[in-house]
Structure formats: C-alpha cells, structure tokens
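Asker: sequence first, then the predicted structure, then my questions.
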Amino acid sequence: MEIFDGTADLARVTAGHRPWQRVLEAIERAPTWYEGSMHSLGDSLTALRTRCRWEAEHFTGHRRYLEVTCAGASPVELEVARKDELVSAGDYRDTSDREHFTGTGRPVRLEPRQILVLATDEALRWRAPADAPATVVHLTVEGTVLRSP
C-alpha cells in the first residue's frame with residue numbers, strides 16, 4: 001500500500017509511465033462523471049465514482065489489477081490488510097478479478113484528494129460510505145511499475 005498526497009505527488013513518482021498517466025487522467029476527469037457509472041480509459045484501466053465500494057462485511061482483493069482510490073471532497077475511511085493475514089471467504093472469480101476475505105486490517109483514512117494504491121497482495125474494505133464521491137481505478141498490473149516515493 002502506498003498513499004500519495006494528491007495527483008502531483010503520484011505524477012512525480014510515476015512520471016513517464018503511460019498507464020499511470022491514464023490513472024491521473026481518470027482521477028482528473030472523474031468529477032464530470034455520474035456517480036456509479038463505470039468508465040474505461042484504453043485497455044488497461046477502468047474507473048468509477050462512488051461513495052462506497054463493495055460490501056463492508058468483507059475485504060476485497062484483486063490479482064490482475066491494482067486498486068487505486070482517490071478521496072473526493074470528503075475523507076474516505078478504509079481498512080487494509082495483507083491477504084495472507086486474512087481468511088478466504090470464497091473462491092477467486094476470474095471473470096471479475098475479485099476475491100473476498102474476512103478478518104481485521106489496519107484502519108486507513110484518506111483525506112480529500114489523497115490517493116491510495118493497493119497492491120495485489122493486499123485487500124481492502126470501506127469502513128463507511130464517504131460523504132462525497134471518491135474515484136476508484138482498477139489498473140492492470142501488466143507493464144505497470146510503481147516506484148516507492
């Protein structure tokens with residue numbers, strides 16, 4: 001898990017990498033989208049504006065996509081854990097690239113415009129709906145590089 005203070009911070013770390021430029025583009029465009037509508041930018045990512053993602057009773061993780069969450073105008077309350085510290089709550093679904101877990105993670109509060117990048121060995125759950133829509137981006141891991149800040 002990496003947390004960035006905003007798009008400028010993420011852009012500094014990911015400069016020159018086309019997939020990350022698309023993530024930044026999605027985050028910048030998201031306020032013009034209808035809440036709850038999924039968008040695709042190229043073939044490497046999908047993005048959504050939402051106040052809450054997944055069901056709060058379990059963690060959700062991915063194998064083929066990094067999950068990027070950018071808080072909107074209000075904070076976002078999440079819980080994050082490594083998958084190997086959680087208990088599987090069902091089979092992995094290749095068609096949705098989702099796997100669910102139970103257990104306890106570490107509370108994470110994203111302040112407005114902060115960005116969390118979740119690795120494929122981690123899972124998260126939303127602790128409560130946000131007061132304002134956040135942007136959630138799924139970025140394919142193929143060819144994706146994230147250098148630590």
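Answerer: Received the coordinates, thanks.

Asker: any stretches of this structure with poor pLDDT?
Answerer: Low-confidence segments of the chain (pLDDT under 70): 54-55, 143-149.

Asker: can you pull the buried residues of the helix of greatest length in it?
Answerer: What stands out as the longest helix in the chain, according to DSSP state H, is helix 18-29. Under the neighbour-count criterion of 16 or more other C-beta atoms under 10 Å, helix 18-29 has 19-20, 22-27 buried. No exception for glycine: its C-beta is placed from N, CA and C like everyone else's.

Asker: in the chain, which spans are strands?
Answerer: Here the chain has its strands, by DSSP state E, at 2-4, 38-41, 45-50, 59-61, 65-70, 76-82, 87-88, 99-102, 106-110, 115-118, 122-126, 134-140.

Asker: helices or strands next to the first one in the packing?
Answerer: Packing partners of strand 2-4 (3 or more C-beta pairs under 8 Å, 6 or more residues apart in numbering; DSSP states H and E): strand 115-118.

Asker: for the strand it packs on, what is the distance to the chain centroid?
Answerer: Here the centre of strand 115-118 is set off from its chain's centre by 5 Å, with C-alpha atoms, centre = their mean, to the nearest Å.

Asker: contacts for that strand next, please.
Answerer: Contacts with strand 115-118, where a contact means C-beta atoms under 8 Å, 6 or more residues apart in numbering, come from 1-4, 6-7, 9-10, 27, 61-62, 66-71, 78, 80, 108, 110, 124, 146.

Asker: okay, now the sheet partners of it, with direction.
Answerer: Applying DSSP bridges, strand 115-118 is found paired with strand 2-4 (antiparallel), strand 65-70 (antiparallel).

Asker: which of those sits most buried?
Answerer: Most buried of the strands paired with strand 115-118, by mean neighbour count (mean count of other C-beta atoms under 10 Å): strand 65-70, with a mean of 24.

Asker: tell me the angle that one makes with strand 122-126.
Answerer: Using axes from the mean of the first three to the mean of the last three C-alpha atoms, to 10 degrees, the inter-axis angle of strand 65-70 relative to strand 122-126 is 40 degrees.
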